[in-house]
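Undergrad: Could you work out the structure for the sequence below:
(2 chains)
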Amino acid sequence: MSQSGEQSKYSVSKRGFYGNFGGAYIPEMLYPNVKELEDNYLRIIYSESFQKEYKDLLKNYVGRPSPLYHAKRLSEKYGTKIYLKREDLNHTGAHKINNTIGQILLAKELGKKRIIAETGAGQHGVATATVCALMNLECVVYMGAIDILRQEPNVKRMLMLGAKVVAAESGSKTLKDATNEAIRDWINNPVDTHYIIGSVVGPHPYPDLVARLQSIISEEMMEQMQEKEGRNYPDAIIACVGGGSNAAGAFYHYLDNLKVELIAVEAAGKGVNTGETAATTTVGTPGIIHASKTILMQTEDGQIVEPYSISAGLDYPGIGPIHAHLFESGRGTFASVTDDEAVAAGFELTRLEGIIPALESAHAIAYLKKRTFKKDQVVVINLSGRGDKDLATYIKYFDNNESLR
Amino acid sequence: MNRLDSLFQKKKNNILSIFTTAGYPKLNDTLPVVKALQEAGVDFIEIGIPFSDPLADGPVIQDSSTVAIENGMTLKLLLSQMEDIRKELTLPILLMGYINPVLQYGIENFAKKCSEVGVDGIIIPDLPMQEYLEDYKKVFDQYNLKNIFLVTPQTSDERIRFIDEHSNGFIYLVSSSSTTGKKTGIDGAEEYLSRIQKMNLKTPTVVGFNISSKESFQKATQYANGAIIGSAFVKAINNNKDIAAGVKSFVGAIR
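TA: Numbers count the residues shown, from 1 in each chain, chains lettered A, B, ... in the order given. So this is what the prediction gives:
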């Protein structure tokens, strides 16, 4: 993680905006909680003691730095030089823990006794339950009632780790509603509770806090690129975007380096025109979701629309405000990949490199088919998570599709 | 003069306000419900703009919002229903809702339409003070629309003073740190409400959240000019076939 002083036109402003997006559209009930966080987060996360403990846990508990792996067979197939940033090798199986380790240390420093979180697929819930076990703090995870049924193994993991999993029964009973319930819990418990948001979403300062904690990904990438390529940047970085925390971390230190193309891949679901999609920048418009001004999927009347993706981690009707800004300003390249394309890419990576990616990360890999990179270009794909949690979905495709066997 | 201003000028105590969700329980129930409320003797009315993701609301108002949206209620439709409502109602009417539907309608269009159809004020819990002052105040003032701010037990005295300074209409005292309808009654809020009473704010105060009975209404109005009932009312009209009778008996039990 780098120093707090740096500012670019892609960093958050004092009032919490990235260009036209961001802010903290919170009810007064949340004002003291959010203000406390806003007033203290930079001071705490850049303090010497925090940095020491954070770096130590990332190294010895999470297993960082995560390798930057030259995927030779994948490179050969696509006629370019591809590296995989192996966030899938982290403890608990995804990049999510970079954030939860940081936020649990922040919560402790703020004297909080109780942790709440939302989760979709369960990856952030597991990463939160894990650090709560590690730090002996009470943990309540909100999860959509429908997601609880879809992601049973992760529910069991959270329970085994000592967390309480509460079903969000409101609205569409998925990630957006779990986030609503977590925010409502925070309203009802304003003093002793810290809310660990899992992505670069929510009211300021959360998008910035989570981006900074995930920026370890691009910080390591710079060193690893220097070592392997003799320059500290690739030509392109590809990352999937639901809320967008792994992408924010992978892009972070390259935001001002215009030699690096930043490619954000959203989930098209069954297709961007089918009504069953999570391709927010394609079908969304500016508005406010979860206290942040961003691009979101909504009706003309301003009601938030339920998204769809095979990947529960990308199944979110908004994107982080930083990504809305990268989209609007043209700094980011935005694309989308369907369920079928993502699953096929997951199988391809499995057979070419012996790596089963999370369905979320498979969306980033599938982008290779949409674009021709030059032979001498260097492309980094942020492999945000491993596919163990998605085996049931993969196997169903495998069994139903002869061409994959 | 704005109807809210005249209300607070002539009445200082025991002001009763009722919140009801637009388009609930049926799409065209808004008018009969508010008419019955006026006849039953409430002092002002809040009409909720249904929203898919009402962060500050508990299950009762969440569910009423979901039903209202399914019924086909939209902000556009509500504002057109308001034209008929205003023909029959002399009471002050506030709209309460979340910022996103207002943003999609367009801030200026919204304020203009509100003023045309006789809406006296707006409560938007997720419109923060700073944003309001910078981007909304001028437009709202132009159309004589009051913007009501919330204060909670966690709000510092300094911030309460700041809110008081920028408030018109009234200040909404949230009875406890909670979502709407979370608890029954306002036990434990006495110290907080009395602290605010002693601050002698320039703006009138009305207590809301968790007021559900005659007892909690009376307790709240010892400390403030009035009190608002929301979830308990929405729950009461849920399955009521005779809206007028249901509303009358609900309000009768409070007063």
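Undergrad: which bits of the stretch 1-150 of chain B sit near chain A?
TA: Contact residues, the stretch 1-150 of chain B versus chain A (Cβ under 8 Å from any Cβ of the partner chain): B:51-56, B:58-59, B:62, B:66, B:69, B:74-76, B:99-105, B:125-128, B:130-131, B:149-150. C-beta: built from backbone N, CA, C; applies to glycine.
Undergrad: Now the buried members of these.
TA: Those of these that meet the buried threshold are B:51-56, B:58-59, B:62, B:66, B:69, B:74-75, B:99-105, B:125-128, B:131, B:149-150, by 16 or more other Cβ atoms under 10 Å in any protein chain shown.
Undergrad: Can you list which of those residues are found in strands?
TA: B:149-150 (DSSP state E).
Undergrad: Check what pLDDT the residue nearest in space to the middle of chain A gets.
TA: For chain A, the residue nearest the mean C-alpha position is A:S245 (3.0 Å; Cα atoms, centre = their mean). With respect to pLDDT, A:S245 scores 98.
Undergrad: Just give the nearest non-adjacent residue to it, would you?
TA: A:S199 (4.3 Å; Cβ to Cβ, 6 or more residues apart in numbering or on different chains).
Undergrad: Please list the outside residues in contact with whichever strand or helix holds B:T30.
TA: In this structure, B:T30 sits in helix B:30-40 according to DSSP states H and E. Helix B:30-40 is contacted from outside by B:18, B:20, B:22-24, B:45, B:47, B:78, B:81, B:84-85, B:88-91, B:93, B:237, B:243-244, B:246-248, B:250-252, using Cβ atoms under 8 Å, 6 or more residues apart in numbering or on different chains.
Undergrad: Please identify the buried residues of whatever helix or strand comes next after it?
TA: Going down the chain from helix B:30-40, the next helix or strand is strand B:44-48, by DSSP H and E. Residues B:44-48 are the ones in strand B:44-48 that count as buried (16+ other Cβ under 10 Å).
Undergrad: Quick one: residues contacting A:D208.
TA: Residues counted as contacts of A:D208 (Cβ under 8 Å, 6+ apart) are A:11-12, A:16, A:41.
Undergrad: Tell me which stretches of the stretch 101-250 of chain B form strands.
TA: B:121-123, B:146-147, B:149-151, B:171-174, B:205-208, B:226-229 (DSSP state E, counting those that start in this stretch).
Undergrad: Direction included, what does the third one pair against?
TA: Here the strand partners of strand B:149-151, with direction, are listed using DSSP bridges: strand B:171-174 (parallel).
Undergrad: Export the partner strand to CSV, keeping only CA atoms.
TA: Only the C-alpha atoms of strand B:171-174 are listed here, as CSV (Å, rounded to 0.1, in the frame of the first residue of the first chain):
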residue,chain,number,x,y,z
ILE,B,171,-36.9,19.0,12.6
TYR,B,172,-37.6,15.3,12.5
LEU,B,173,-36.4,13.7,15.8
VAL,B,174,-35.7,10.0,15.2
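Undergrad: for it, what is the average pLDDT?
TA: 98.
Undergrad: What are the contacting residues of it?
TA: A:28-29, B:123, B:148-153, B:163-164, B:193, B:196, B:201, B:203-209, B:224, B:228.
Undergrad: Among the contacts of helix B:30-40, which are located in helices?
TA: B:78, B:81, B:84-85, B:88, B:243-244, B:246-248, B:250-252 (DSSP state H).
Undergrad: residues in the stretch 51-200 of chain A within reach of chain B, list them.
TA: So far as Cβ under 8 Å from any Cβ goes, the stretch 51-200 of chain A lies against chain B at A:170-171, A:176-177, A:180, A:183-184, A:187-191.
Undergrad: Who wins on neighbours among these?
TA: Taking other Cβ atoms under 10 Å in any protein chain shown as the neighbour criterion, A:K176 ranks highest of those with 29 neighbours.
Undergrad: care to break chain A down by domain?
TA: Using automatic domain parsing, the domain ranges for chain A come out as A:17-59+A:96-210, A:63-93+A:215-404.
Undergrad: Can you report how many residues lie near the nearest residue to B:F250 once chain neighbours are set aside?
TA: In space, and not counting its chain neighbours, B:F250 is closest to B:A236: 4.8 Å by Cβ to Cβ, 6+ apart. If you count neighbours by other Cβ under 10 Å, B:A236 ends up with 17.
Undergrad: Wait, B:A236 touches B:A245, no?
TA: No. Using Cβ atoms under 8 Å, B:A236 is not in contact with B:A245; the gap is 11.4 Å.
Undergrad: what is in contact with those two at once?
TA: Joint contacts of B:A236 and B:A245 (Cβ under 8 Å, 6+ apart) do not exist.
Undergrad: what stretches of the chain score poorly on pLDDT?
TA: If you meant another chain, say so; for now it's chain A. Where chain A drops to pLDDT under 70, the residues are A:1-7, A:405.
Undergrad: Hmm, no, I was thinking of chain B.
TA: For chain B, the ranges with pLDDT under 70 are B:240.
Undergrad: any idea of the angle the longest strand along it forms with strand B:44-48?
TA: Assignment by DSSP E gives strand B:15-21 as the longest strand of chain B. Counting by axes from the mean of the first three to the mean of the last three Cα atoms, to 10 degrees, strand B:15-21 points 20 degrees away from the direction of strand B:44-48.
Undergrad: Direction included, what does strand B:15-21 pair against?
TA: Strand B:15-21 is paired, per DSSP bridges, with strand B:44-48 (parallel), strand B:226-229 (parallel).
Undergrad: Make TSV from those and add distance to A:G269 to it.
TA: Shown next, in TSV, are the strands paired with strand B:15-21 (distance: least, Cβ to Cβ, whole Å):
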stretch	distance to A:G269
strand B:44-48	32
strand B:226-229	42
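Undergrad: Pretty sure A:I217 sits against A:I97.
TA: No. At 11.8 Å, A:I217 and A:I97 do not qualify as touching, with contact defined as Cβ under 8 Å.
Undergrad: residue ranges for the strands of chain A, please.
TA: A:17-18, A:21-22, A:68-70, A:81-86, A:114-119, A:138-144, A:164-168, A:193-196, A:236-240, A:261-269, A:285-289, A:292-296, A:332-338, A:378-383.
Undergrad: Which strands or helices does the second one pack on?
TA: If I follow you right, that is strand A:21-22. Under the contact definition 3 or more Cβ pairs under 8 Å, 6 or more residues apart in numbering or on different chains; DSSP states H and E, strand A:21-22 sits against strand A:292-296, helix A:321-329.
Undergrad: For chain B, what's its nearest residue on the stretch 201-350 of chain A.
TA: A:G302 (3.5 Å; Cβ to the nearest Cβ).
Undergrad: number of nearby residues for that residue?
TA: 24.
Undergrad: what residues are up against A:Y61?
TA: A:Y61 touches A:91, A:101, A:134, counting by Cβ under 8 Å, 6+ apart.
Undergrad: ok, of those, which one's closest to A:A345?
TA: A:H91 (25.1 Å; Cβ to Cβ).
Undergrad: A:V131 is in contact with that closest one, correct?
TA: No. If you go by Cβ under 8 Å, A:H91 and A:V131 don't touch, sitting 10.0 Å apart.
Undergrad: of those two, who's got more company?
TA: The neighbour count for A:H91 versus A:V131, taken as other Cβ under 10 Å, is higher for A:V131 (26 against 15).
Undergrad: mind checking how far the closest residue to the more buried one other than its chain neighbours is from chain B?
TA: Once flanking residues are discounted, A:V131 sits nearest to A:I104: 4.1 Å by Cβ to Cβ, 6+ apart. Counting by Cβ to the nearest Cβ, to the nearest Å, the gap from A:I104 to chain B is 23 Å.
Undergrad: Look up how far A:G171 lies from A:I104.
TA: Distance, A:I104 to A:G171, using Cβ to Cβ, to the nearest Å: 28 Å.
Undergrad: One more: B:S175?
TA: Noted for B:S175: a distance of 25 Å to A:G171, by Cβ to Cβ.
Undergrad: I'd like to know how many residues surround residue 137.
TA: Assuming you mean chain A. Using other Cβ under 10 Å, A:L137 is surrounded by 18 other residues.
Undergrad: that's the wrong chain, I meant chain B
TA: When neighbours are counted by other Cβ under 10 Å, B:K137 comes out with 14.
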